[in-house]
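Chemist: Here's a sequence, model it:
(one chain, ligands or ions: 1)
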Amino acid sequence: MINHTFSNDTIAAVATAPGTGAIAVIRLSGPEAISITNAVFAGKNLLNQASHTIHFGTIRDGEKVLDEVLVSLFVAPHSYTRENVVEVSCHGSDFIVQQLMQLFLKKGARLANAGEFTKRAFLNGQFDLAQAEAVADLIASDSALSHEVAIKQMRGGFSQEIKRLRAELVHFASMIELELDFGEEDVEFADRDQLRTLILNIQSIIRELLKSFELGNVIKNGVPTVIVGKPNAGKSTLLNKLLNEEKAIVSDVPGTTRDFIEDEINIGGITFRFIDTAGLRETTDKVEKIGVERTHQKLSQSSLIIYLFDITTSSPEEVQTEIEELNPKKLPLLAVANKIDEASAALLSAFGNMENLVQISAAEGANMEALKQALMDKVNLGKLNTQQQTIVTNLRHVDSLNKTYSALDDVLNGLALGMSGDLVAADIRRALYSLGEITGEITTDDLLDNIFTKFCIGK
Ligand code: GDP
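Modeler: Below is the predicted model of the structure:
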């Protein structure tokens, strides 16, 4: 691994979210974490205590008691960062937290940068880079599936797969390089047929992984969804219906009072994010005609279209034509017929043969389950097996996998052309480099900064 500018000082940060809470946690990591805390702590001598113990006492600035706290000790290397770590649980007032932080900084700690605890954990070998990234995903996870995928990656599932591929390639690279050591002598330690088979095999695994990103991206970032349709089709009624059902679920869980995030709904573990719904959520009596341009702008940001129409004022032919005009790029589109409560049986059956159509009454909430199922089907979740399949959720990994793939193409070409061992070896090295970037066997300071500055401070 490339050497990193790695400061070995002691860092401190507030680990809990800002604002008033029952408790807040300040975390320190580094060689002086315990001694700095001990210098302001009235209670047991922390320097003599065992790892993984908790101590009650007060934090004092001189004579002044700032708070009663619990101090958790983690002695190196048995901690998240593998350094000495102290977690001070104090009362959750921003004022107290600020006072304690200032005191720790005065006593020699430095304010941690974003993600610095996790960066230290990575640099000290606690886990690899893909696992470190999964920590951030886990913190950000907001649905059952994003949680599941993040926790699997954090526990090393994805990393193992990458490392396995890498180990096989390393073997061949070293065999070829051994040949080079023999210079002019005509020896071949690396069986070219085997190498070709291996590379084809690795490429097919990479293709699977790259394909999984379609779903991985959906799981992590949600599905940008638009509802389009003529004025009065019932778009805002439908949106409100979906959002209200979701709100009901959230507030039914005892003890949850979290703020509802506008215009997102979670169906079957997938977050559907409704784009540009401001217009829809305005008062319904002010019907504004949404211009064609505006609709197209919305469509360009979306990956799923709900086309809603008023069944009582439409014909199947009309609907078909509109859909074709609306969706030249053939994005996944769900046609939804609204106001079935007012439709005659004859009208309903006229639409009965239309494929991919869900018939609902947004006002009465009829057929909403069928609508949700159809939305899930559109994002193809049926094919997903999160338990067994490795799912790539990270754009950085996609980039590295693509680079690996094309380096492997070059190896194959080199083999086909009977190129010399040193050229083939160079291409294999390139593939290894890109694969290694995923798990962090290969890193640069820039790469690490890029990753860890996206973390929150205190993690
Ligand atoms: P938008 O212009 O597409 O956003 O349409 P709105 O949601 O404002 O609805 C237009 C009108 O249709 C309102 O008067 C709604 O009450 C009515 N509406 C919406 N959904 C239904 C439905 O399922 N059945 C009936 N009968 N009326 C509906």
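Chemist: what about the nearest residue to Glu177 once chain neighbours are set aside, how many neighbours?
Modeler: Once its chain neighbours are removed from consideration, Glu177 has its nearest residue in Ala425; the separation is 5.5 Å (CB to CB, 6 or more residues apart in numbering). Yep, even glycine has a C-beta here, placed from its N, CA and C like the rest. Neighbour count for Ala425, taken as other CB atoms under 10 Å: 22.
Chemist: what helices or strands is the host helix or strand of Ala425 leaning on?
Modeler: Counting by DSSP states H and E, the secondary-structure element that holds Ala425 is helix 421-439. Taking 3 or more CB pairs under 8 Å, 6 or more residues apart in numbering; DSSP states H and E as contact, the helices and strands that helix 421-439 lies on are helix 129-140, helix 157-181, helix 395-416.
Chemist: now do 10 Å
Modeler: Contacting helix 421-439 under the criterion 3 or more CB pairs under 10 Å, 6 or more residues apart in numbering; DSSP states H and E are the following elements: helix 129-140, helix 157-181, helix 192-221, helix 395-416.
Chemist: same for the second one, what does it pack against?
Modeler: In other words, helix 157-181. helix 129-140, helix 144-154, helix 192-221, helix 395-416, helix 421-439.
Chemist: same deal with the shortest one?
Modeler: In terms of contact count using 3+ CB pairs under 10 Å, 6+ apart, helix 129-140 is assigned the packing partners helix 116-123, helix 144-154, helix 157-181, helix 192-221, helix 395-416, helix 421-439, helix 445-452.
Chemist: for the last one, same thing?
Modeler: Applying 3+ CB pairs under 10 Å, 6+ apart, one finds that helix 395-416 makes contact with helix 129-140, helix 157-181, helix 192-221, helix 421-439, helix 445-452.
Chemist: of all these, which lies closest to the ligand?
Modeler: Distance to the ligand, taken as CB to the nearest ligand atom, is lowest for helix 192-221 among the helices and strands packed on helix 395-416, at 26.2 Å.
Chemist: now check the helix or strand just after the closest one, is it near the ligand?
Modeler: Where DSSP H and E defines the elements, the next helix or strand beyond helix 192-221 is strand 223-228. No - figure legend: strand 223-228 not in contact with the ligand (CB under 6 Å from any ligand atom); closest approach 8.1 Å.
Chemist: Need the CA coordinates for strand 223-228. CSV is fine.
Modeler: As requested, the backbone C-alpha atoms of strand 223-228 are provided in CSV (Å, rounded to 0.1, in the frame of the first residue of the first chain):
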residue,chain,number,x,y,z
VAL,A,223,-36.3,5.5,-7.8
PRO,A,224,-36.9,9.0,-9.2
THR,A,225,-40.5,8.8,-10.2
VAL,A,226,-42.9,11.3,-11.9
ILE,A,227,-46.6,11.4,-12.1
VAL,A,228,-47.8,12.9,-15.4
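Chemist: Give me the angle between it and helix 192-221.
Modeler: Taking axes from the mean of the first three to the mean of the last three CA atoms, to 10 degrees, one finds strand 223-228 and helix 192-221 inclined to each other by 50 degrees.
Chemist: Can you list the strands that strand 223-228 pairs with?
Modeler: strand 270-274 (parallel), strand 304-310 (parallel) (DSSP bridges).
Chemist: and of those, who's closest to the ligand?
Modeler: Among the strands paired with strand 223-228, strand 304-310 comes nearest to the ligand, with 6.7 Å by CB to the nearest ligand atom.
Chemist: contacting residues around the nearest residue to Gln131 once chain neighbours are set aside?
Modeler: Counting by CB to CB, 6+ apart, the nearest residue to Gln131 once its immediate chain neighbours are dropped is Met154, at 5.4 Å. Applying CB atoms under 10 Å, 6 or more residues apart in numbering, one finds that Met154 lies in contact with 127, 130-138.
Chemist: Any chance of a ChimeraX selection covering the buried ones in these?
Modeler: A single ChimeraX command suffices to select whichever of these are buried according to 16 or more other CB atoms under 10 Å:
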select :127,130,131,132,133,134,135,136,137
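Chemist: Same list as before, the contacts of Met154 that is, but in CSV and with distance to the ligand included.
Modeler: As requested, the contacts of Met154 are arranged in CSV below (distance: CB to the nearest ligand atom, whole Å):
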residue, distance to the ligand
Phe127, 49
Ala130, 44
Gln131, 46
Ala132, 45
Glu133, 40
Ala134, 40
Val135, 42
Ala136, 38
Asp137, 35
Leu138, 38
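Chemist: quick one, phi/psi of Thr444?
Modeler: Its backbone dihedrals place Thr444 at phi -130, psi 160, with angles given as degrees, to the nearest 10.
Chemist: count of neighbours near it?
Modeler: A count of nearby residues for Thr444, using other CB under 10 Å, gives 11.
Chemist: State the distance from the residue nearest to Gln131 to the ligand.
Modeler: In this structure, Met154 lies at 42 Å from the ligand, with CB to the nearest ligand atom, to the nearest Å as the measure.
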